[in-house]
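*Asks:* Sequence unavailable; structure follows:
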């Protein structure tokens with residue numbers, strides 16, 4: 001009986017501790033358990049988990065304020081586009097997802113992603129964001145090496161679910177790591193993913209590329225050899241340049257927008 005009472009007391013203590021409110025964000029209570037769950041899900045430190053929770057909460061409050069909604073058809077279309085861009089069937093994508101999480105959780109994440117994209121469009125429209133052709137041509141001339149024509153590039157490909165593992169390899173290529181490593185020759189004409197293509201082209205020989213996130217898997221390339229044969233015309237790469245400048249400008253505007261939101265928010269640490 002005493003043992004049972006002791007167990008109950010300990011269990012009650014653990015429960016109350018894990019449900020202790022750690023932060024209040026504009027009246028939304030965040031518990032220690034919420035922080036721990038985010039830390040485990042995304043392999044983040046406590047401080048980074050708190051930063052993510054604050055950002056996500058501010059996003060969600062903006063979604064409600066702006067009446068941003070997402071329907072089932074939009075989610076299904078988004079998932080089909082992911083499968084298509086990765087050159088795999090919808091069934092195979094679902095099988096791959098089910099190894100890491102439930103389909104329901106994946107669709108929930110996609111719903112948030114679509115909401116964020118809709119919010120970003122609204123913010124950019126409010127800021128009257130625009131890139132003219134002069135800016136596109138200037139970027140082309142200043143970065144012409146990015147638009148060199150390549151047929152084959154020899155690489156080492158590093159893949160991991162932990163971004164820090166790839167950072168460690170970048171600092172010390174001889175470190176023992178659990179990252180998946182493959183040596184291969186890439187036929188550039190077969191690469192449809194713009195982000196991967198740009199990483200391969202823009203990275204010099206004997207250098208590591210930037211780290212790319214593809215559906216929760218981090219990828220990095222080490223360029224072993226590459227030779228170019230001329231350059232693509234401005235007309236041929238104009239849309240790619242616009243997409244690149246749009247992405248960079250969009251990120252700056254959105255980061256600035258939410259930095260102000262965070263300053264204006266009533267965030268109380270308990």
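*Replies:* Cool, got the structure. What you see is a predicted model; the values in this text were computed from it and never measured.

*Asks:* Three-state assignment for residue 68, please.
*Replies:* coil (DSSP: H, G, I helix; E, B strand; the rest coil).

*Asks:* Next, count neighbours for it.
*Replies:* 18 (other Cβ atoms under 10 Å). Using the backbone N, CA and C atoms, a C-beta is placed for each residue, glycine as well.

*Asks:* That one contacts residue 119, correct?
*Replies:* Yes: between residue 68 and residue 119 a contact is recorded at 5.9 Å, counting by Cβ atoms under 8 Å.

*Asks:* which residues are common contacts for those two?
*Replies:* residue 62 (Cβ atoms under 8 Å, 6 or more residues apart in numbering).

*Asks:* Residues contacting the helix or strand hosting residue 81, please?
*Replies:* Element membership of residue 81, judged by DSSP states H and E, is helix 72-85. Helix 72-85 has contacts (Cβ under 8 Å, 6+ apart) with 89-90, 92-93, 106-107, 110-111, 113-114, 192-193, 215.

*Asks:* biggest separation within the residues you listed, which pair?
*Replies:* Spanning the widest gap among these are 111 and 192, at 25.5 Å by Cβ to Cβ.

*Asks:* Could I get the average pLDDT for the helix holding residue 81?
*Replies:* Averaged across helix 72-85, pLDDT comes to 87.

*Asks:* One more: stretch 207-215?
*Replies:* pLDDT averaged over stretch 207-215 gives 87.

*Asks:* where does it sit relative to the chain's centre, distance-wise?
*Replies:* A distance of 11 Å separates the centroid of the chain from that of stretch 207-215, by Cα atoms, centre = their mean, to the nearest Å.

*Asks:* In terms of helices and strands, where is residue 206?
*Replies:* Applying DSSP H and E, one finds residue 206 in no helix or strand.
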